[in-house]
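# Sequence and predicted structure are below.
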Amino acid sequence: MKRLLCLIACVTLIAFPFVGEAAIVNGGFETGDFTGWTVGGNNGVVSLANLALDQNDPGAGSLEVTPFAGQSMGAITYPVLQGFVYDNFIYQDVMLGGPDLVLKLNYFFWTYDEAPFDTPGFTVSINGLTVFTVSAGDIGDGVLGTLDFTGWTELSIPVGQYYDPNRPAIIRIAFNAGNAGDNQYASGVFLDEIKLVPIPTTLLLFGSGLLGLIGVRRRLSPSS
C-alpha cells in the first residue's frame, strides 16, 4: 500500500506540474490590498460594501455586499463611483505551466445605468482581447439611478489555447469596470476567488486512472 501511495504521488506530480506554477497571486485579496496586481483608476479592497438602492432617493436604503469567501474582496469603481470602464482596472501577468487550465472567479456586477449605456460595464480580457462582458442593459430594470446587480456569479474561462509547450506562456488577465460613455450613473464590480485550476474533466480522467491502478494492484496482490 505504501508503494501504491508513493506511485500515486509521483504520477500526480508528473501529470500536473503546472498546479504549483500557474498560480494567481492574492486572487482572494486576503492581504487586504492589491498585492500581486497592477491597478489603475478607482478601485479598492474592502471587507464590506454598501450600495444605495436609489441614487435619486437617499431614503431608499442600501444593499450590503460581503465577500464571496474569506474576509476581503476586490472592488472596481468602488468606493468612488465614477470613472470609465477602460480607466478602472486591475490586471496580473501569470505564467501557464500546462494546457488544461481554467480561469475561475466569482464576480458581483452592479449598475445604476441602463441600455444603451455602459455597454459593456464590466469586462474580462486576456492578452488584451475581451473574453467576457456584462452590460447595464443585461440586468437593468429600465429605471436610471436605481441599483441593479447580478449577485455573486461564478465564471469559468478555459485558457489552454494560450499555452505553448515550447516556451514559457505568460498571459495577462485583466478586469475593467465603469462607465462606457458617460460619467453620470456608475457601473462596477466586486471580485473574489480568482484562480487557475485544472479542467474538471481532466481531474475526473486522472482519478479514473488512479482507480484503475488501484484495481490492478489488488488483482495482482495474492489473496490471503
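Thanks, I have the structure now. Remember, predicted model here, so these are calculated numbers, not experimental data. Numbering: from 1, shown residues only.
# show me where the protein has strands.
Remark: strands assigned in the chain by DSSP state E are 38-40, 43-46, 49-52, 62-65, 73-76, 89-96, 101-111, 122-126, 129-134, 148-149, 153-158, 169-177, 187-198.
# Tell me which of those strands approaches Val25 most closely.
Taking C-beta to C-beta, strand 89-96 is the member of the strands of the chain nearest to Val25, at 6.6 Å. For every residue, glycine as well, the C-beta is placed using N, CA and C.
# what sits against the residue found closest to Ile194 once you drop the neighbours it is linked to in the chain?
In space, and not counting its chain neighbours, Ile194 is closest to Gly27: 3.8 Å by C-beta to C-beta, 6 or more residues apart in numbering. Contact analysis of Gly27 by C-beta atoms under 8 Å, 6 or more residues apart in numbering lists Leu105, Glu193, Ile194, Lys195.
# thinking again about what came up before, highest average neighbour count across the strands of the chain?
Counting by mean count of other C-beta atoms under 10 Å, strand 73-76 has the highest mean neighbour count of these, with a mean of 27.
# Which residues does it contact?
Contacting residues not belonging to strand 73-76 are listed as 29, 34, 37, 41-47, 49, 65-67, 88-90, 108, 122, 175-178, 188-192, 194 [C-beta under 8 Å, 6+ apart].
# rerun that using 6 Å as the cut-off
Here strand 73-76 makes contact (C-beta atoms under 6 Å, 6 or more residues apart in numbering) with 29, 43-46, 67, 88, 177, 188-192.
# From Thr150, how far out is the most centrally placed residue in the chain?
What sits nearest the mean C-alpha location of the chain, by C-alpha atoms, centre = their mean, is Leu105, with 2.4 Å. Here Leu105 is placed at a distance of 13 Å from Thr150 (C-beta to C-beta, to the nearest Å).
# can you check Val159 too?
Separation of Val159 from Thr150 (C-beta to C-beta): 23 Å.
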